[in-house]
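In: any chance you can model this:
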Amino acid sequence: MALVDIQVPDIGDFDEVGVIELLVKPGDTVKAEQSLITVESDKASMEIPSSRAGVVKDLRVQVGDKVKQGSVVLTLEVAGGATESAQNQAPAPAAPASAAIKTEATAAAPAPVAAAATGGVLEVRVPDIGDFKDVAVIELLVQPGDTVKPEQSLFTVESDKASMEIPSPAAGVLQELKVKVGDKLNIGDLVALLAVAAGAAPAAPVVAASAPAAAAPATAAAPATTATAPVPAHQPGTPSAGLPHASPSVRKFARMLGVPLDEVTGSGPKGRITQDDVQNFTRAVMTGAVQTRAVAAKAPAAATGGGSGLDVLPWPKVDFTKFGPTERKDLSRIKKISGANLHRNWVMIPHVTNNDEADITALEAFRVSTNQENEKSGVKVTMLAFVIKAVVAALKKFPEFNASLDGDALVYKQYFHIGFAADTPNGLVVPVLRDADQKGILQISQEMGELARKARDGKLGSADMQGGCMSISSLGGIGGTHFTPIINAPEVAILGLSKSAMKPVWDGQQFVPRLMLPLSLSYDHRVIDGALAARFNAYLGQVLADYRRILL
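Out: The predicted model follows:
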């Protein structure tokens, strides 16, 4: 075993950032790219990942510490030889020119694409695809002779957990495909030959693991040139030449928000796009200060297309101080994150809400008596605990609601983790109650109370808010009749609960007072039809009206 110091990577144009959360502790086993700590500057927050897999031996930071690029976060015990630094490993010895291409392709794991140019031909290799080995090719998206663009998908691979598309590192004409459907691939494998124009550079330059090419033996017949074209300096206010300069984490963040990175001006060193740049761009688009090229291209067509476009007016700029005294407060970190997610979900998911009511007269009486019987235990049973159990029963009967949309396929989940919205002083969070199908009402109530306390104290970890199958937003303790809750992607539905009220209900002979609970079910219409949503909500109401149905 070897001890490796995990250091803070390049986090953009930040000198020092504060540690606000520790996500692991000594003794934890971590995977490569697993988040270790959360840091926050005065403009943005981000998670620092592990560059290696191993066991945490020693945490070198604590909440409140200031860290910067190169600061040691923790010591990790990994399989291997002598102690080393994860960020400063000794370079490999010089390799002969005949092996230069292979060495560079396999050693440059941090680069998104490993490829070497030989004359006008670029060798396309499998980039770093994370903690996956022997992934299978399931679909070829191009064929020899096709003209491809940078970042255009060439083929699709699939592991036992996920599928992904392998992109082209440069523009050119596909000369030869080295793979076929069914082949198994790993990082660095040669997959295609691409004929590129003179001077064309790949999407990400290859970092050689050997000494400079000048040190190669002179016996090499024709030294191979590596695809390391210089990156032009990025000028503020102008789009960067070639592909945008950003880290994988920033690219992932931009994809989540639907931000075109090639339109974002980077403020980091050498024009690097930071997470803060992506957030500022998103804010500018939402306020109307900036318009994306895609929207601008649609504007002329919308003006003459008989109302086919969305003619949205720019966000009004108002000097509120001319109307009276004002106070300006920055949004909390939680509100910034949740706001971006809510906006994305509302814009990208076609929401429809089905409203219904459940007769909970008998269930409420049972809840009150249960609390009286268990008063000494200190566990208070809420109506939400019963609803969670009823939702699990409905998910089992209607599995389409326990699914997520993944491209052109649905992923059906065989587990039942239920999220519930928690209102905190800093904003809205959604902790997840795991394996609700395997727990009783008392245990669900106890764990909900613990998660709610962690949320109020700001101690929820990222793992506490991941993996939900369906979420519940309850306003029952406040008021209202019905509302439209926003779906928490990648889930396909969310249940809203309003304040229950006594109402006269006709039983066939007379009106009788019944305690009715409003149910608001928002669903993704791409996955769920209206009739299915109505059946789900009706069945949920039947279970809450007669809890014995859960036993069926």
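In: and residue 450, what pLDDT?
Out: You'll see residue 450 listed with a pLDDT of 94.
In: contacting residues around stretch 409-419?
Out: 388, 391-392, 395-396, 399-400, 402-405, 430-437, 465, 467-472, 488, 491, 527 (C-beta atoms under 8 Å, 6 or more residues apart in numbering). Where C-beta positions appear, they are placed from N, C-alpha and C, glycine not excepted.
In: what does stretch 432-447 give?
Out: By C-beta under 8 Å, 6+ apart, the list of residues contacting stretch 432-447 from outside reads 370, 374, 377, 379-382, 385-386, 388-389, 391-392, 396, 415-420, 448, 451, 464-468.
In: show me how far it is from its chain's centre.
Out: Its chain's C-alpha centre and that of stretch 432-447 lie 26 Å apart, by C-alpha atoms, centre = their mean, to the nearest Å.
In: when you give positions from now on, start the count at 37
Out: All right, first residue 37 from here; so that's stretch 468-483.
In: so for it, first residue to last residue, what's the gap.
Out: Chord length of stretch 468-483, first to last residue, is 10 Å (C-alpha to C-alpha, to the nearest Å).
In: what is the mean pLDDT for it?
Out: Taken as a whole, stretch 468-483 has an average pLDDT of 96.
In: in that stretch, what's buried?
Out: Residues of stretch 468-483 classed as buried under the neighbour-count rule (16 or more other C-beta atoms under 10 Å) are 468, 469, 470, 472, 475, 477, 480, 481, 482, 483.
In: same thing with stretch 326-335?
Out: Within stretch 326-335, the residues that qualify as buried are residue 326, counting by 16+ other C-beta under 10 Å.
In: so the closest residue to residue 502 other than its chain neighbours bridges to which residues?
Out: What sits nearest to residue 502 in space, not counting adjacent residues and going by C-beta to C-beta, 6 or more residues apart in numbering, is residue 468, at 6.6 Å. Per DSSP bridges, residues listed as beta-bridge partners of residue 468: residue 455.
In: for residue 550, phi and psi?
Out: The phi/psi pair for residue 550 (degrees, to the nearest 10) reads phi -130, psi 140.
In: next up, the contacts around the closest residue to it other than its chain neighbours.
Out: Take residue 550 and drop its neighbours on the chain: the residue closest to it by C-beta to C-beta, 6+ apart is residue 541, 4.3 Å away. Residue 541 makes contact with 395, 547, 548, 549, 550, 552 under the criterion C-beta under 8 Å, 6+ apart.
In: quick check: mean pLDDT of the helix or strand in which residue 541 is found?
Out: Element membership of residue 541 [criterion: DSSP states H and E] is strand 537-542. For strand 537-542, mean pLDDT is 95.
In: now swap in stretch 495-509 and tell me
Out: On average, the pLDDT along stretch 495-509 is 92.
In: pull the distance from it to the chain's centre.
Out: 13 Å.
In: so what would you say the end-to-end distance of that stretch is?
Out: Start-to-end span of stretch 495-509 (C-alpha to C-alpha) is 20 Å.
In: report the buried residues of it.
Out: By neighbour count on 16+ other C-beta under 10 Å, the buried set for stretch 495-509 is 496, 500, 501, 504, 505, 506, 507, 508, 509.
In: I'd guessed residue 96 sits against residue 112; true?
Out: No. Using C-beta atoms under 8 Å, residue 96 makes no contact with residue 112, being 10.7 Å away.
In: between those two, who's got more neighbours?
Out: residue 112 (23 against 14; other C-beta atoms under 10 Å).
In: and that one, what helix or strand is that in?
Out: Counting by DSSP H and E, the element that carries residue 112 is strand 108-114.
In: how about residues contacting that strand?
Out: 37-44, 60, 66, 72-73, 84, 86, 88-97, 103, 122.
In: try stretch 405-413
Out: Applying C-beta under 8 Å, 6+ apart, the contact partners of stretch 405-413 are 416, 417, 477, 478.
In: how far away is the last one from residue 396?
Out: In this structure, residue 478 and residue 396 are 19 Å apart, going by C-beta to C-beta, to the nearest Å.
In: and for the first one?
Out: With distances taken as C-beta to C-beta, residue 416 is found 17 Å from residue 396.
In: tell me how far the strand holding residue 112 is from the chain's mean position?
Out: Per C-alpha atoms, centre = their mean, the centroid offset for strand 108-114 relative to its chain is 25 Å.
In: pLDDT of that strand, averaged?
Out: 90.
In: just the buried members of the contacts of residue 541?
Out: Counted by 16+ other C-beta under 10 Å, those give 395, 550, 552 as buried.
In: tell me which stretches of the stretch 437-586 of the chain form helices.
Out: Secondary structure of the stretch 437-586 of the chain (DSSP state H, counting those that start in this stretch): helices at 477-492, 566-581.
In: could those be laid out in TSV, adding distance to residue 515?
Out: Formatted as TSV, the helices of the stretch 437-586 of the chain follow (distance: least, C-beta to C-beta, whole Å):
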stretch	distance to residue 515
helix 477-492	20
helix 566-581	20
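In: how about the ones you listed, which one is nearest residue 349?
Out: helix 566-581 (32.0 Å; C-beta to C-beta).
In: now for the closest one, which elements pack on it?
Out: strand 387-395, helix 397-409, helix 419-433, strand 529-533, strand 547-560 (3 or more C-beta pairs under 8 Å, 6 or more residues apart in numbering; DSSP states H and E).
In: those: which one's closest to residue 570?
Out: Proximity to residue 570 (C-beta to C-beta) singles out strand 387-395 among the helices and strands packed on helix 566-581, at 5.6 Å.
In: strand partners of the closest one, parallel vs antiparallel please.
Out: strand 547-560 (antiparallel).
In: mind checking how far the partner strand is from the chain centre?
Out: The answer for strand 547-560 is 33 Å, by C-alpha atoms, centre = their mean.
In: now do it against helix 397-409, angle only.
Out: Interaxial angle of strand 547-560 relative to helix 397-409 (axes from the mean of the first three to the mean of the last three C-alpha atoms, to 10 degrees): 90 degrees.
In: quick one, domains of this structure?
Out: The chain is divided into the following domains under automatic domain parsing: 38-121, 133-251, 275-361, 386-587.
In: thought residue 293 was touching residue 318?
Out: Yes. Here residue 293 reaches residue 318: they are 5.4 Å apart, a contact under C-beta under 8 Å.
In: who touches both of the two?
Out: residue 376.
In: parallel or antiparallel, which strands does the strand holding residue 112 pair with?
Out: Strand 108-114 has the following strand partners under DSSP bridges: strand 38-43 (antiparallel), strand 90-95 (antiparallel).
In: output it as PDB, nothing but the C-alphas.
Out: The C-alpha trace of strand 108-114 is given here as PDB (Å, rounded to 0.1, in the frame of the first residue of the first chain):
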ATOM      1  CA  VAL A 108      -3.200  19.100   0.700                       C
ATOM      2  CA  VAL A 109      -6.800  18.000   1.500                       C
ATOM      3  CA  LEU A 110      -6.100  14.500   2.900                       C
ATOM      4  CA  THR A 111      -3.800  11.500   2.800                       C
ATOM      5  CA  LEU A 112      -5.100   8.500   1.000                       C
ATOM      6  CA  GLU A 113      -4.000   4.900   1.300                       C
ATOM      7  CA  VAL A 114      -3.900   3.400  -2.200                       C
END
